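J.: Quick check, what structure comes out for this input:
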Amino acid sequence: MANEQVLTADQVIDNARRYLKSEDIAFLEKAYEFAKNAHAEQYRKSGEPYIIHPIQVAGILVDLDLDPSTIAAGFLHDVVEDTSITLDEIKEAFNAEVAMLVDGVTKLGKIKYKSQEEQQAENHRKMFVAMAQDIRVILIKLADRLHNMRTLKHLPQEKQRRISNETLEIFAPLAHRLGISKIKWELEDTALRYLNPQQYYRIVNLMKRKRAERELYIKEVMGEVTERLEEVEIEADLSGRPKHIYSIYRKMAMQNKQFSEIYDLLAVRIIVNSIKDCYAVLGIIHTCWKPMPGRFKDYIAMPKPNMYQSLHTTVIGPKGDPLEVQIRTSEMHQIAEYGIAAHWAYKEDKAADERSTLEEKLTWFREILEWQNDATNAEEFMESLKIDLFSDMVFVFTPKGDVIELPSGSVPIDFSYRIHSEIGNKTIGAKVNGKMVTLDYKLKTGDIIEILTSKHSYGPSQDWLKLAQTSQAKNRIRQFFKKQRREENVEKGRDLVEKEIKNMDFDLKEILQSENISRVAEKFNFMNEEDMFAAVGYNGITALQVANRLTEKQRRKRDQEQQITDITENAEKKKTVPAKKKKDAGVVVQGIDSLLVRLSKCCNPVPGDEIVGFITRGRGVSVHRADCANVVAEGTNDRIIDVEWEGDMKENREYNVEIEITGYDRRGLLNEVLQAVNETKTDINAVSGKSDRNKMASIHMAIAIHNISHLQKVVERIKQIPDIYAVRRIMQ
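T.: Residues are numbered from 1 along each chain as shown. A predicted model of the protein is given here:
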């Protein structure tokens, strides 16, 4: 699956001839011609004809040996979204299966949402629900995302970062969960190149310097292993296992290691004919070199949830360096590279029970449909998905020896609800490895868990919602409270909403009219008002959310009336005399007497900025930068007046300015920033910082400056620090 070659449609279809019949090839040719005509007048950002993208997506699907309908959907996946073609036309021209797959990967582009984030979350929800019904939807989407990442250089930098972040958060973990490492590694490495180019190219260069030395070492190791295998007549294919850039970056970032400390750059993969040979080779490896304690993993006896199987061991190699060895069969290697796609590979003689077994292995995907029903909005659905599907996992055992997979950080409550809802509801305690533990005990891989239940239990506690980590457990607990305490929750929810409305100083009778309540309940997607108040009672939504919706018309009317009052009062204060009055903060105000002048904290203007004055009720004149969003948002020019900076500004006058500095999070970065600011003889009023999982540091700093040129001097000095990517001035 090379990422440089651009395939033609003929090459893609020729590749498909390897395993498809002539009638299937004709079906693919028809799909290509249909897509080519639909996209005839369209071009990509690179300037290339748009049809090149569907061709590459179909090519990736052919490399995975997928069925004709999936490949045809690859050719057609953007037709409904980007042209006037409808799903009904796709269904009529091809079949219902192709139309369903195309619909699964089609975004909700024609629906208007409040924000881009909300729309993206809805797009993901639609895709994942379609995927839960047919896994091929996500295989097409992964192929689509892979080619888009390969051509990301043609997009603006802001889009590159947004798409790369989304790839690392959603698509690469999903490829991992499906076991498609071939796609996963390329997505991660490409995303890192755009999110942290400095670290990406640094690692690339470091790998190049040591490559010859590593290759020679691996060659020596493979030569010795080959000799030993020939002695016992075991056929094997040996190769050096490539270490991917993102994997190295994560180890350096999360374990705070230098490149020289990453030992598993040295790795050998051994592919044999049978499981028996796997264990025989393991014995030979451990005879040749001393194994490192705690570094042996048997994924053959206990496969990963994504069906990955292999033996992993780390030994002290011939030169005293740690050497990682992976041992697997050819079939295991195929699954390791292509994961679920290897099972979906098009085979005419694939037995029905093999398909059924595959479906059973994907039962965890079916839970997506449950989350879809329980989530109140798309954002909540995506958060549930990230927690349950994309977090690190722990593997624990039932007393009977069954393996249960849970997100890292899970507690016995999560385990009990994973077994069955009734067991969860009746839980009164838990034993881990034979010892009693509290319900907030963090489960570890290898733990044997026994849940203690009682038929006299009153059910879960509200505190369990804080303890539980999985969406399944939280949803089951919420459902219990919905059913068991409905009347109590309705009354509690109504009281909470009434309290919020009173705090807003509105008349309850005016607000709580049946038409108004029904309208708001419908907006929150509840069947009736009792369902809405019950949801408030069991913390499904907040009382403030409901109160805000119920009072939105009255609040808008009140704000308009107040605005009119403010304008009237301020109109009387305005003078027609042209005399200038000097006020506080070094600002001259045109034609207004006896008013306090203050600098607005939302934009912190400083001498040199273009400024305007804004008459505020009871607080005089606030001075804003001319481009301040808060002034524009007020929507009236009646309260804006002319102001200007004093002509004889003193250097000893200081103004507070907030700046944000972003860069690569390395040791000593904050100290270098503080030192740079001190060199400019600038006082620092406040400083805070944080770092995300991609090692992107964000430093928030409030500094005291004299004027705009002073600020520019500070900014330029900070930009000179290595690994600083951007410095921006903050407007609240």
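J.: CA only for contacts and neighbour counts going forward, please
T.: Noted.
J.: tell me the contacts of A521?
T.: By Cα atoms under 8 Å, 6 or more residues apart in numbering, the contact list for A521 reads M527, N528, E529, M532.
J.: For ChimeraX, what selects the buried ones among those residues?
T.: Applying 16 or more other Cα atoms under 10 Å to these leaves a buried subset, and the ChimeraX line that selects it is:
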select :529,532
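J.: Could I get the contacts of A521 in CSV, plus columns for pLDDT?
T.: CSV is the format used below for these (pLDDT from 0 to 100):
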residue, pLDDT
M527, 83
N528, 85
E529, 87
M532, 88
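J.: Now, the contacts of A521 that are in strands?
T.: Among the contacts of A521, no member is found in strands (DSSP state E).
J.: With distance to T453 added, can I get the contacts of A521 in TSV?
T.: Formatted as TSV, those follow (distance: Cα to Cα, whole Å):
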residue	distance to T453
M527	34
N528	35
E529	35
M532	32
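J.: What is the most widely separated pair among the contacts of A521?
T.: Pairwise distances across the contacts of A521 peak at 8.1 Å for M527 and M532 (criterion: Cα to Cα).
J.: could you pull out the helices for the stretch 401-550 of the chain?
T.: Listed in chain order, the helices of the stretch 401-550 of the chain (DSSP state H, counting those that start in this stretch) span 412-419, 421-425, 464-467, 471-484, 486-503, 508-511, 514-523, 529-537, 543-550.
J.: Name the single longest helix found in this protein.
T.: With secondary structure taken from DSSP state H, the chain has its longest helix at helix 197-231.
J.: What residues of that one count as buried?
T.: Q199, Y200, I203, M207, R214, I218, V221, M222, V225, T226, R228, L229.
J.: just stretch 547-565 next, same as before
T.: When burial is assessed from 16+ other Cα under 10 Å, stretch 547-565 yields the following buried residues: A547, N548, R549, L550, T551.
J.: export these to TSV and tack on distance to Y441 and pLDDT?
T.: Compiled in TSV, those are given as follows (distance: Cα to Cα, whole Å; pLDDT from 0 to 100):
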residue	distance to Y441	pLDDT
A547	38	89
N548	39	86
R549	40	87
L550	42	90
T551	44	88
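J.: Can I get the residues you listed in JSON lines including distance to L496?
T.: Below are the buried residues of stretch 547-565 laid out as JSON lines (distance: Cα to Cα, whole Å):
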{"residue": "A547", "distance to L496": "9"}
{"residue": "N548", "distance to L496": "13"}
{"residue": "R549", "distance to L496": "14"}
{"residue": "L550", "distance to L496": "13"}
{"residue": "T551", "distance to L496": "15"}
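J.: Could you single out the nearest of those to I661?
T.: Checking the buried residues of stretch 547-565 against I661 by Cα to Cα gives N548 as the nearest, at 35.9 Å.
J.: List the residues that contact F480.
T.: Neighbouring residues of F480 by Cα under 8 Å, 6+ apart: N425, G459, P460.
J.: Looking at those, which has the smallest pLDDT value?
T.: Of all these, G459 carries the smallest pLDDT score, 79.
J.: isn't it right next to E422, touching?
T.: No: with contacts counted by Cα atoms under 8 Å, G459 stays clear of E422, the gap being 9.3 Å.
J.: The two: which is more packed in?
T.: G459 (19 against 15; other Cα atoms under 10 Å).
J.: Quick check: closest non-adjacent residue to the more buried one.
T.: The spatially closest residue to G459, leaving aside those adjacent along the chain, is N425, at 4.9 Å (Cα to Cα, 6 or more residues apart in numbering).
J.: And for G59?
T.: V12 (5.1 Å).
J.: and the host helix or strand of that neighbour, what other elements does it pack with?
T.: Per DSSP states H and E, V12 falls inside helix 9-16. Counting contacts by 3 or more Cα pairs under 8 Å, 6 or more residues apart in numbering; DSSP states H and E, helix 9-16 packs against helix 22-38, helix 52-63.
J.: CSV please, covering the ones you listed and showing mean neighbour count.
T.: Shown next, in CSV, are the helices and strands packed on helix 9-16 (neighbours: other Cα atoms under 10 Å):
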stretch, mean neighbour count
helix 22-38, 18
helix 52-63, 24
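J.: Wasn't V268 part of a strand?
T.: Yes: counting by DSSP: H, G, I helix; E, B strand; the rest coil, one finds V268 located in a strand.
J.: Tell me the confidence at V281?
T.: Value for V281, per-residue pLDDT: 93.
J.: Which strand or helix spans it?
T.: Using DSSP H and E, V281 sits in helix 275-288.
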